[in-house]
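**Q** Output the structure for:
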Amino acid sequence: MNAIVKKIGLELEMPLVKQDGLTVDFGDVEKLWQDFSEQGWSKNFDPNTKALIGVNRSTHNGVEMLSTDFGVCTCEAALAPVSSLDEAINYWHNFKSYVLLPVINNNNLKLLGYGNQPISSQLKDLIAHKGHYEIWKNMIEEDCREWILQNFPGLCSVQFNFEVSKHKALEIINTYLQILAFLWAASANDSIAAGKKLPYKSQRFHAYTTLSRGKMEGRCGLPISPYVSLCDYINRTWSVPIFKIIRDTRCLYPKDRSLTINKFITENSSEFYSLERQSYKETINLDDLKLAIYLSWPDFRLKFNFNLEIKFTDLVTAVHSGNDEKLLSMTDYIILEIRPISMQSNQEELDWLVLTYLLIENLESIAEYSLLWTYQEMKSAAIASQDNGLNQNLNGKTLGQIGLDLLARIPRNSFQMYEQHLSKLHFRFTKYSSPADEALTILDSDGMEALLNYLEIK
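**A** Reported below is the predicted structural model:
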């Protein structure tokens, strides 16, 4: 294996709670980072607010990071990239057991394998003190602003970063878009909030659908269509309002909130504000182009790592002319980030890691299968699956059946090698039962205390 995937990186966002299941506060998290720093980790401070936001350390594989996410009630672990699936599985096992949980337990806290905070609500006061999020908050449409700010800080996902063959990147991302409805429905694990059942299967899906309007439209969630080219992917990130630029570590946002990178390229300079509302006239540069590509959060994200010799004009010309060959000549490697999967309980995040990896490694067969329906049919099924889960129909097949079909396309030797992970998913798809469905069953039959015990990462 490893014909297409070159490296694997894991990012795991986990609800951080007290022993009673209620969310932590700023003091709890600051003490947690202090304890890690006493074990040799370096503290990370936000360059804009100067707030302590996490810790990091260097390892033989690269840098490991622990941080808050949008909410301080989320602990995010970003592991260094490794070269094989087995390494990635063992890495998370060992990191969780011997690095992360001992410090969590010593602080009398818990991590949950869940996609949001199951008990606490009204999370607006727990938004992390990061300059990035101060800008983020101001891009939300007014009619959904309060709901987003109260709920988004609790969202947690597991994100897989696969360095893939750059010549296969376009086919991979479009293939994943074609099976997106299945991924959302099968991995949902966030159907309870504030101690109550939600009227939809996934809080994360609902939140991103709600967010993706106005200045956020086209930046996150479901893309409007598959990508015509890699240049098309980049050009879309340059065609939405600029999120921010960075000058001397400071976050700046445009005075003209409709300013896009493409417009900035045309005008060459524009006026920006600091978080303190100081005005600056800034000229566009290469880093602005790169940052705009990165600051886009569709359900599947491409991260382009350009070579050091790249020139501003060459990148603009390649993208605007749709010249993928030229673009790839300036690109060292590409990472595909898989974003729709909620954080899982009972180590099922590793089951999803195995499946998503094997789907990429068997790209030709999976790509062929994914064309049995149109992208618009898939989008409609994804939305409807918020009510129907894996029972949702997509062009004559339920999403559960599609999951079984995908498993059947994995070669027997690969399936047998990772049977302990894939057999659990096979059972779920057969029973049409997502983790969200199971959590609801536990809540109904045994109550919240039993659910919290089930969800606790141990």
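**Q** how about stretch 195-203 as CSV, C-alpha atoms only?
**A** Extracted in CSV, the C-alpha atoms of stretch 195-203 (Å, rounded to 0.1, in the frame of the first residue of the first chain):
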residue,chain,number,x,y,z
GLY,A,195,-28.8,17.4,27.6
LYS,A,196,-31.5,17.1,25.0
LYS,A,197,-32.1,15.3,21.6
LEU,A,198,-31.6,17.6,18.7
PRO,A,199,-34.1,17.6,15.8
TYR,A,200,-31.4,16.5,13.4
LYS,A,201,-28.7,13.8,13.3
SER,A,202,-25.6,16.1,13.3
GLN,A,203,-25.1,19.4,15.0
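**Q** Not counting that stretch itself, show me its contacts.
**A** Here stretch 195-203 makes contact (Cβ atoms under 8 Å, 6 or more residues apart in numbering) with 115-116, 118-119, 151, 154-155, 184-185, 188-193, 206, 342, 385-387, 389, 434, 436-437, 440, 443, 448. In this view, the C-beta of every residue, glycine as well, is placed from N, C-alpha and C.
**Q** same check, this time on stretch 136-143
**A** Stretch 136-143 has contacts (Cβ under 8 Å, 6+ apart) with 70, 127, 145, 148-149, 211, 213-216, 241, 243, 253, 257.
**Q** ok, of these, which one's closest to residue 292?
**A** The closest of the contacts of stretch 136-143 to residue 292 turns out to be residue 243 (Cβ to Cβ; 7.4 Å).
**Q** Excluding residues flanking it in the chain, which one is nearest the closest one?
**A** residue 295 (4.4 Å; Cβ to Cβ, 6 or more residues apart in numbering).
**Q** where does that neighbour sit relative to residue 340, distance-wise?
**A** Relative to residue 340, residue 295 is positioned 19 Å away (Cβ to Cβ, to the nearest Å).
**Q** Between those two, point out the one with more neighbours.
**A** Remark: of residue 295 and residue 340, residue 340 carries more neighbours, 25 against 18, as counted by other Cβ atoms under 10 Å.
**Q** That one: what's it in contact with?
**A** Listed by Cβ under 8 Å, 6+ apart, the contact set of residue 340 reads 157, 180, 183, 184, 187, 204, 205, 299.
**Q** From the residues you listed, pick the one nearest residue 430.
**A** Nearest to residue 430 out of the contacts of residue 340 is residue 187 (Cβ to Cβ; 15.9 Å).
**Q** That closest one - how many residues pack around it?
**A** 30.
**Q** Please apply the same query to residue 154.
**A** Neighbours around residue 154, by other Cβ under 10 Å: 29.
**Q** Filter the contacts of stretch 195-203 down to the buried ones and hand me the PyMOL line.
**A** Here is the PyMOL command that selects the buried residues among the contacts of stretch 195-203 (16 or more other Cβ atoms under 10 Å):
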select buried, resi 115+116+118+119+151+154+155+184+185+188+189+190+191+192+193+206+342+385+386+389+434+436+437+440+443
